[in-house]
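A.B. asks: Predicted structure and sequence below. I'll ask about it afterward.
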Amino acid sequence: MSNNKQLPEISFVIPCYNEAQRLEPGFSAAMEFFVHRLGPRFEIILVNDGSTDETATVLKEVQSKLSDIPIRIIEYWPNRGKGFAVKTGILAAQGQKIVQSDADFSVDLEEAIKFIEKLDEYDLVIGSKKHEATQSLRHQSVARRFLGKGFTQLTNLWLGINFSDITCGLKAFRQEAAKEIFSQQRLKRWAYDAEILFLATKKGYKILELPVRWHHVEGSKVMPFLDIIRSFKELLAIRWYHCR
């Protein structure tokens, strides 16, 4: 009899930075939902991006508590940025379909199931909080919505792409597309979303943008004005890295 362990069909990659105060009980509830809907077909990859609070302890506690679910923890110090964390998790993923989700699960979990199903037809499926069919149960502040819209418009213009929402925290990939795109991704922080969509478009992958049902969760690590300035600089870097 073969001793080879069966590989998961689906990998969920969740970057974590200082999430000790808001990871639970949402994480455990999400795992119960996925077990109910997907059975034993999935794995979870939690990437601790150099957290300075008790995130490492909380991750180990949920791994122990949910021992019947394949949960892998990848951690390193110091903090390297969300783009680096997502890349690390995706390159480690074993599933044929890979889902990237934020740790706050602000997007309705049912949306992740829709994204997984659409990967039978598309290489990438990305969420949009700006789509006319999007359902927002709790909105972000006016300032954050304004800055986000401005960043999206500038990104589309500068990179020659066309998406209504660049930074939505739910994205899904076929494995071969994910591995190729993220192996070439260079940006370590917030503008990595723009970089991967630019690379996917440039390589001709089929991309579907779907509206999502979501609610704003307090505790984001984004500092709107400072990170917008940083992201503008990173947009310049995308051209430098990939258009020479």
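C.D. replies: Right, received. Where do you want to start?
A.B. asks: and residue 169, how many neighbours?
C.D. replies: 22 (other CB atoms under 10 Å). Where C-beta positions appear, they are placed from N, C-alpha and C, glycine not excepted.
A.B. asks: ok, it - contacts?
C.D. replies: With contact set as CB atoms under 8 Å, 6 or more residues apart in numbering, residue 169 has these partners: 100-102, 104, 106-107, 127.
A.B. asks: Can you convert the residues you listed into a markdown table and add a column each for secondary structure, distance to residue 80 and pLDDT?
C.D. replies: Formatted as a markdown table, the contacts of residue 169 follow (DSSP: H, G, I helix; E, B strand; the rest coil; distance: CB to CB, whole Å; pLDDT from 0 to 100):
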| residue | secondary structure | distance to residue 80 | pLDDT |
| --- | --- | --- | --- |
| 100 | strand | 16 | 98 |
| 101 | coil | 19 | 96 |
| 102 | coil | 17 | 94 |
| 104 | coil | 20 | 89 |
| 106 | coil | 23 | 86 |
| 107 | strand | 24 | 90 |
| 127 | strand | 24 | 94 |
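A.B. asks: Name the nearest of the residues you listed relative to residue 14.
C.D. replies: Nearest to residue 14, judged by CB to CB, of those is residue 101 at 5.5 Å.
A.B. asks: still on that earlier bit, closest to residue 47 among the contacts of residue 169?
C.D. replies: Among the contacts of residue 169, and counting by CB to CB, the member closest to residue 47 is residue 100, at 10.3 Å.
A.B. asks: For beta bridges, what are the partners of that closest one?
C.D. replies: Beta bridges link residue 100 to residue 13, residue 171, judged by DSSP bridges.
A.B. asks: That one against residue 87, yeah?
C.D. replies: No. In this structure, residue 100 is not within contact of residue 87 by CB atoms under 8 Å, at 10.2 Å.
A.B. asks: Quick check: PyMOL command selecting the buried ones in the contacts of residue 169.
C.D. replies: The buried residues among these can be selected in PyMOL (16 or more other CB atoms under 10 Å) with this line:
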select buried, resi 100+101+102+104+106+107+127
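A.B. asks: At which residues are the helices of this protein located?
C.D. replies: Here the chain has its helices, by DSSP state H, at 26-38, 55-65, 82-92, 109-118, 142-159, 175-184, 192-202, 224-242.
A.B. asks: Could you point out which of those sits nearest residue 47?
C.D. replies: helix 82-92 (4.4 Å).
A.B. asks: so that closest one versus helix 224-242, what angle?
C.D. replies: 50 degrees (axes from the mean of the first three to the mean of the last three CA atoms, to 10 degrees).
A.B. asks: I'd like the distance from helix 82-92 to the chain centre, please.
C.D. replies: Per CA atoms, centre = their mean, to the nearest Å, the displacement of helix 82-92 from the mean C-alpha position of its chain is 9 Å.
A.B. asks: Now that helix: buried residues?
C.D. replies: Using 16+ other CB under 10 Å as the test for burial, helix 82-92 gives 82-90.
A.B. asks: And these, which is closest to residue 198?
C.D. replies: Once CB to CB is applied, the member of the buried residues of helix 82-92 that ends up nearest residue 198 is residue 83, at 12.9 Å.
A.B. asks: so what's the closest one up against?
C.D. replies: Contacts of residue 83 by CB under 8 Å, 6+ apart are 185, 187-192, 195.
A.B. asks: Please name the nearest non-neighbouring residue to it.
C.D. replies: Spatial nearest neighbour of residue 83, excluding adjacent residues (CB to CB, 6 or more residues apart in numbering): residue 192 at 2.9 Å.
A.B. asks: Repeat that for residue 156.
C.D. replies: residue 162 (5.6 Å).
A.B. asks: What is the burial count for that neighbour?
C.D. replies: The number of residues packed near residue 162 is 11, by other CB under 10 Å.
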